[in-house]
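1. Sequence first, predicted coordinates after that:
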Amino acid sequence: MSKTYLTTIELASLIKYDPRYIRSTLKDTAFIEGVHYIRPFGGRKILYVWETIEQDMQQHSESLAPIIPLSAGGICHG
């Protein structure tokens, strides 16, 4: 499976966040080194792994969706 590596600016344009917010707030809180981003060759440059970030954003969003019981039984994820 190939991975898509993005710079902070490229990631910011995809998720509609300011690059400064990603660097100062999301990095090392929501984004974990080795999972959501890497430092190639041990340098200062950071590359974000798009597929992991996209999957985690969707899973988190789905986990917050309300569960609505149906009158005929079963549930609906609202």
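-> Everything's here; your move.
2. Just give me the neighbour total for residue 47.
-> By the measure other C-beta atoms under 10 Å, the count of residues near residue 47 is 17. Heads up, the C-betas are built off the backbone N, CA and C, glycines and all.
3. Okay, and the beta partners of the nearest residue to it once chain neighbours are set aside?
-> In space, and not counting its chain neighbours, residue 47 is closest to residue 5: 4.0 Å by C-beta to C-beta, 6 or more residues apart in numbering. Beta bridges link residue 5 to residue 49 when assigned by DSSP bridges.
4. Work out the gap between stretch 15-25 and the centre of the chain.
-> 12 Å (C-alpha atoms, centre = their mean, to the nearest Å).
5. so how far does that stretch reach from one end to the other?
-> Taking C-alpha to C-alpha, to the nearest Å, the first and last residues of stretch 15-25 lie 14 Å apart.
6. cool, stretch 39-53 as well?
-> 16 Å.
7. cool, stretch 27-34 as well?
-> 12 Å.
8. average pLDDT across that stretch?
-> Mean pLDDT, stretch 27-34: 93.
9. In this structure the residue nearest to residue 47 contacts residue 51, no?
-> No. Using C-beta atoms under 8 Å, residue 5 is not in contact with residue 51; the gap is 10.0 Å.
10. returning to what we had before: quick one, grab the pLDDT at the residue nearest to residue 47.
-> 98.
11. ok, now which ones touch it?
-> Applying C-beta atoms under 8 Å, 6 or more residues apart in numbering to residue 5 gives the contacts 38, 47-50.
12. Let's see that with 7 Å instead.
-> 47-49 (C-beta atoms under 7 Å, 6 or more residues apart in numbering).
13. Of those, just say which sits nearest to residue 56.
-> Distance to residue 56 across those (C-beta to C-beta) is lowest for residue 49, with 10.1 Å.
14. hang on, the earlier thing: let me know the closest of the contacts of residue 5 to residue 20.
-> residue 48 (14.8 Å).
15. Since that was my last question, I'll sign off now.
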